[in-house]
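Asker: Dropping a prediction and its sequence here:
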Amino acid sequence: MEQEKIRTLHPQGKQGVNISRYKYDQIKSFILDTIQSNNEITFEKLTDLAIAELTDKFEGKVIWYLTTIKLDLEARKLIERVPKTSPQKLKLVAAQ
């Protein structure tokens with residue numbers, strides 16, 4: 001059976017990639033839930049949590065999918081980088 005795919009977006013307009021909708025939804029939920037429960041989170045901490053929580057139950061390279069889908073969520077204006085933070089921090093985009 002062929003899996004449904006989604007083409008990711010990139011905040012700088014670069015070429016996206018086609019990935020499994022199932023994997024996309026799994027990582028997207030993880031990112032949004034984790035940011036929401038932390039208010040703001042560094043990308044490094046998000047990565048550490050993803051490795052700890054998803055490695056055993058995710059088929060594929062967790063960090064690659066996390067990075068790709070994080071960029072997609074930025075392009076879709078669901079999350080954003082907190083300006084002038086180092087290391088990079090992420091937060092949910094406030095509802096308009």
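Answerer: Now that the structure is in, tell me what you want to look at. Numbering: from 1, shown residues only.

Asker: So which residues of the chain form helices?
Answerer: Using DSSP state H, the helices of the chain run over 21-38, 43-54, 62-75.

Asker: so of these, which one's packed in deepest?
Answerer: Of all the helices of the chain, helix 62-75 carries the top mean neighbour count, a mean of 19, counting by mean count of other CB atoms under 10 Å. C-beta here means a position set from N, CA and C on the backbone, and glycine is covered the same way.

Asker: So which elements touch that helix?
Answerer: helix 21-38, helix 43-54, strand 79-81 (3 or more CB pairs under 8 Å, 6 or more residues apart in numbering; DSSP states H and E).

Asker: center of this protein, which residue is that?
Answerer: residue 70 (2.8 Å; CA atoms, centre = their mean).

Asker: Go ahead and confirm that one touches residue 90.
Answerer: Yes: between residue 70 and residue 90 there is a contact under CB atoms under 8 Å: 7.3 Å.

Asker: which neighbours do the two share?
Answerer: Contact criterion CB atoms under 8 Å, 6 or more residues apart in numbering; residues shared by residue 70 and residue 90: 43, 46, 79.
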